[in-house]
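**Q** test case, fold it:
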Amino acid sequence: MKDHSISIAISFVCPTLFKMATTTATTRITVSAQVEGPIDKVWEQWTDPKHIVKWNAASDDWHCPRSENDLRVGGRFSARMEPRNSNEGFDFSGTYTEVVPKKRIVHRMDDGRMCEVTFATEGNGTRVTETFDAEHSHSVEMQRGGWQAILDRFKAHVEGHRK
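**A** From the prediction side, this is the model:
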């Protein structure tokens, strides 16, 4: 079975439409992508708000109209996620608990869940891996699918496939 992740947008905005099996607080989900680009470029485009707004959505009918990022331990991040046809979205936000430049970012989301993102040079590219605590309202499969979709959009952005 292909490894997919959760659509943050679907998970948070359409909970009744997509509510499935619940998960436990200890369930961890991992998504990953091999990005064809040097780690310096990958890191910059992952952490710079001017790039985040271009890739941070699970599908073309969603977008990220604004992003803020204070990339340091104790610093905050926030990304506004909305359907393109409305401004009724949500803020995906949290606080950094660990930052190792070009290697690892750990953050606590505002709902208390943890997420770790690692960056590793692999061949001529960079492997980006996200591992996060599952939330309770949606199936692991749905969460994996959405987060993988966002990561795939990031990969396409870095590789120049997206405007």
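**Q** give me the three-state assignment for Ile29.
**A** In three-state terms, and counting by DSSP: H, G, I helix; E, B strand; the rest coil, Ile29 is strand.
**Q** quickly list what it is bridged to.
**A** The partner list for Ile29 in beta bridges (DSSP bridges) reads Phe132.
**Q** so it versus Phe77, what's the distance?
**A** Note on Ile29: its distance to Phe77, by Cβ to Cβ, to the nearest Å, is 19 Å. The C-beta positions use only the backbone N, C-alpha and C, and glycine is treated the same way.
**Q** neighbouring contacts of stretch 150-158?
**A** Under the contact criterion Cβ atoms under 8 Å, 6 or more residues apart in numbering, stretch 150-158 has outside partners 5, 7-8, 31-37, 41-42, 45-46, 51, 54-58, 128, 130, 162.
**Q** and stretch 35-55, by the same measure?
**A** Against stretch 35-55 from outside (Cβ under 8 Å, 6+ apart): 63-69, 71, 79, 101-102, 105, 117, 119-121, 124-128, 150, 153-159, 162-163.
**Q** flag every buried residue along it.
**A** Residues of stretch 35-55 classed as buried: 35, 37, 39, 42-43, 45-47, 49, 51-55 (neighbour count, 16 or more other Cβ atoms under 10 Å).
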